[in-house]
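# Fold the following for me, if possible:
(one chain, ligands or ions: 3)
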Amino acid sequence: MSLDLKKAGLEQAKLPKHIAIIMDGNGRWAQKRGLPRYLGHQQGMRALGKVVETAFDLQIPCLTVFAFSTENWNRPQDEIDYIMTQIVKQFDRYAKELSKKNIRVKVIGEQAHLSADVKNVIEKVQELTKNNTQMTLVVAFNYGSKLELTNACQKIASLVQAKKIKIEDITPEVIEENLYTFALPPVDLLIRTSGEMRISNFLLWQLAYSELYFTDTYWPDFNQNSLIEALKVYSLRKRRFGKIGEQNE
Ligand code: IPE
Ligand code: IPE
Ligand code: MG
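Numbers count the residues shown, from 1 in each chain. Ligands and ions are numbered 1, 2, ... in the order given. This is a model prediction of the structure:
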């Protein structure tokens, strides 16, 4: 491992098992420099590469990143086109490397309405990496939590209608089984960059007991040290899950 935990001031046992990141601030990063917004997305991709590497070195089992939301279709068409082209290019470019590192890639979100080349590259990278076990990289693409929960309700309602389950069989576990994130560990830590303090329709159910960490850093500037800083803050949090302090000691 190329990262010395002790030197970084971290302890393996106090690291989260699942980190979710709202990678925000690409556009403002570029605009602040008088650059077109797409260059912010380009730098944002580089930042993502570094953060994946750091999480991998720290043996974090699961990392989920918000790359494109169901609301991002409301952006100017040229920006959407750039992001769509990038996802195809970057998955094509990094699929083999991710696979070699034993990283499994899982894409969550609504795929039916994506273009054929985006759907194909998603299928390709998921297929290539499906048996990998070191880390799961979840890419939330055309993801919206309200849509995910709506789809889950529809799936469960059709099970009831077909008399496969009874209404009283619907438990939180059944709801979980019908989310895209089924079988992933619970999200321990949510990071949002760029100074915004909102969830923006990301993992509404899954964040029920996550620790929240907000930083003013724009996503393209978020690096290894930024992640380590977030992890240090996380390791000092007291998670109580509704109990009183002593019960968790
Ligand atoms: C996050 O950065 C990337 C996506 C939402 C695709 P933004 O593009 O939202 O950057 P800002 O928030 O406009 O600075
Ligand atoms: C959230 O960022 C979506 C992604 C990071 C992909 P946005 O920039 O779209 O969120 P809002 O519009 O500021 O809430
Ligand atoms: Mg934004």
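# For burial, what's the neighbour tally of residue 152?
Residue 152 sits with 19 neighbouring residues when counted by other Cβ atoms under 10 Å. Placement of C-beta: from N, CA and C, glycine included.
# Same question for residue 247.
The burial count for residue 247: 9, using other Cβ under 10 Å.
# Which residue, other than its chain neighbours, is closest to it?
Among residues not flanking residue 247 along the chain, residue 240 sits closest, at 7.9 Å (Cβ to Cβ, 6 or more residues apart in numbering).
# if I've got this straight, that neighbour is in a strand?
No - under DSSP: H, G, I helix; E, B strand; the rest coil, residue 240 falls outside any strand and is assigned coil.
# List phi and psi for it.
phi -110, psi -20 (degrees, to the nearest 10).
# Near ligand 2, which residues of this structure? Just list them.
By Cβ under 6 Å from any ligand atom, the residues of the chain that approach ligand 2 are 22, 23, 24, 66, 67, 68, 69, 71, 72, 196, 198, 200.
# my read: the last one touches residue 70, true?
Which is residue 200. No - counting by Cβ atoms under 8 Å, residue 200 stays clear of residue 70, with 10.3 Å between them.
# From ligand 1, how far out is residue 228?
22 Å (Cβ to the nearest ligand atom, to the nearest Å).
# tell me which element that residue falls in.
helix 224-236 (DSSP states H and E).
# Please render the residues of the chain next to ligand 2 as CSV that adds distance to ligand 1, pLDDT and neighbour count to the earlier fields.
Output for the residues of the chain next to ligand 2, formatted as CSV (distance: Cβ to the nearest ligand atom, whole Å; pLDDT from 0 to 100; neighbours: other Cβ atoms under 10 Å):
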residue, distance to ligand 1, pLDDT, neighbour count
22, 8, 99, 24
23, 6, 99, 23
24, 5, 99, 23
66, 7, 99, 25
67, 6, 98, 24
68, 5, 98, 22
69, 6, 98, 21
71, 9, 98, 11
72, 5, 98, 17
196, 7, 98, 13
198, 11, 98, 10
200, 8, 98, 14
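# could these be laid out in CSV, adding distance to residue 90 and secondary structure?
Formatted as CSV, the residues of the chain next to ligand 2 follow (distance: Cβ to Cβ, whole Å; DSSP: H, G, I helix; E, B strand; the rest coil):
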residue, distance to residue 90, secondary structure
22, 19, strand
23, 13, coil
24, 18, coil
66, 15, strand
67, 10, strand
68, 12, strand
69, 18, strand
71, 22, coil
72, 17, helix
196, 24, coil
198, 26, coil
200, 22, coil
